[in-house]
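> Predicted model and sequence below, questions to follow.
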Amino acid sequence: MTITTIMPPKRTPLIGMSLKMYFTPARTQQYLSAFAPIARSANALGINTFLIPDFLSVAASCAVLVTAQEQRYATGVGAQDCFWEDSGAYTGEISPAHLWELGVGYVEIGHAERRRIFRESDDDVAKKAAAATKHGLIPVVCIGEIEPDELHIDVAVQYCVKQIDAALRCVPVDSQVVFAYEPVWAIGQPNPAPTLYINAVCVGLRTYLDSQGRETSARIIYGGSAGPGLFTELDVDAVDGMFIGRFGHEPRNFEIMVHEIATTKFGKK
């Protein structure tokens, strides 16, 4: 059964982070005490946030960040993956229906590491995105080209468009979806991709999404060694927010980036 969701305002700025497998459950619990007030402050500024912990910490994170239904997307908790079936004999997999029951609002799908290490295909990503949407979860679909080509931005755009098309095949046009643009060659590096390059690719992706009727239902956030200062240099008409990795392990960095988005998007401080 498809769940009717309480969705956020259209194209609300969004900032989130994944803890991957860096934090133990105990460290995540400590981190939440610093992260929760930052998330609530961001929401008051008109910015949605999400935190994606390891699976062992999802329930505890929901208990802290999602204390009411309307907070499911505003100060949300995400999962690092989900399966495309609701239930059954799928040892080790995670049901999107079970994630919804816990209070999860977002699910990260198709990260470059999962595509590379676990050989996840565009078809796998499409089925997971459809299953997540069916159960009220907002898919955070990771996209990005393998190699940079600053002289041929259209090549990167088309590479990402192919990933976008696969993910959207079974996702209704009015369902919320987030595309996390992470150039694979920039993930884990000391610095993000050049600002002009990011903007050019994201403008191309935004133009394509708009042409598919996704002007308000699809958001683009940038990841890939993203840190403080970057959002102020991005095209705010194309980029709706940030997807943070290890820079967010220090809560103060996350807070700085929240205020950069508020200032750049709304003129708030």
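Received, thanks.
> list the contacts for the residue nearest the centre of the chain?
Nearest residue to the geometric centre of the chain (Cα atoms, centre = their mean): residue 140, 4.0 Å. Residue 140 makes contact with 16, 50, 52, 78, 106-109, 178-180, 221, 243, according to Cβ atoms under 8 Å, 6 or more residues apart in numbering. Backbone N, C-alpha and C define where each C-beta goes, glycine included.
> of these, closest to residue 24?
Nearest to residue 24 out of the contacts of residue 140 is residue 52 (Cβ to Cβ; 15.5 Å).
> show me the contacts for the closest one.
Counted by Cβ under 8 Å, 6+ apart, residue 52 has contacts 16-19, 77-80, 106, 108, 140.
> cutoff 6 Å now
18, 78, 80, 108 (Cβ atoms under 6 Å, 6 or more residues apart in numbering).
> Quick check: beta-bridge partners of it?
residue 18 (DSSP bridges).
> pLDDT score assigned to the spatially closest residue to residue 265 that is not a sequence neighbour?
Nearest non-adjacent residue to residue 265, counting by Cβ to Cβ, 6 or more residues apart in numbering: residue 13, 5.1 Å away. Per-residue confidence (pLDDT) for residue 13: 97.
> Wait, residue 13 touches residue 259, no?
No. Using Cβ atoms under 6 Å, residue 13 is not in contact with residue 259, being 11.7 Å away.
> Which of these two has more residues huddled nearby?
Between residue 13 and residue 259, counted using other Cβ atoms under 10 Å, the more crowded position is residue 13 (24 against 18).
> In contact with the more buried one, which residues?
So residue 13 contacts 47, 240-241, 261, 265 (Cβ under 6 Å, 6+ apart).
> Report the separation between it and residue 185.
Distance of residue 13 to residue 185, given as Cβ to Cβ, to the nearest Å: 26 Å.
> what sits against residue 178?
Residues near residue 178 by Cβ under 6 Å, 6+ apart: 140, 219.
> Recalculate using a threshold of 7 Å.
14, 138-141, 219, 221 (Cβ atoms under 7 Å, 6 or more residues apart in numbering).
> quick check, it in a strand?
Yes. If the criterion is DSSP: H, G, I helix; E, B strand; the rest coil, then residue 178 is within a strand.
> So which residues of this protein form helices?
25-44, 58-65, 96-102, 112-117, 122-134, 153-168, 195-211, 251-266 (DSSP state H).
> Please name every helix or strand in contact with the second one.
Just to be clear, that refers to helix 58-65. helix 25-44, strand 75-79, helix 96-102 (3 or more Cβ pairs under 7 Å, 6 or more residues apart in numbering; DSSP states H and E).
> For residue 165, which of the ones you listed is the nearest?
Nearest of the helices and strands packed on helix 58-65 (Cβ to Cβ): helix 96-102, 21.4 Å.
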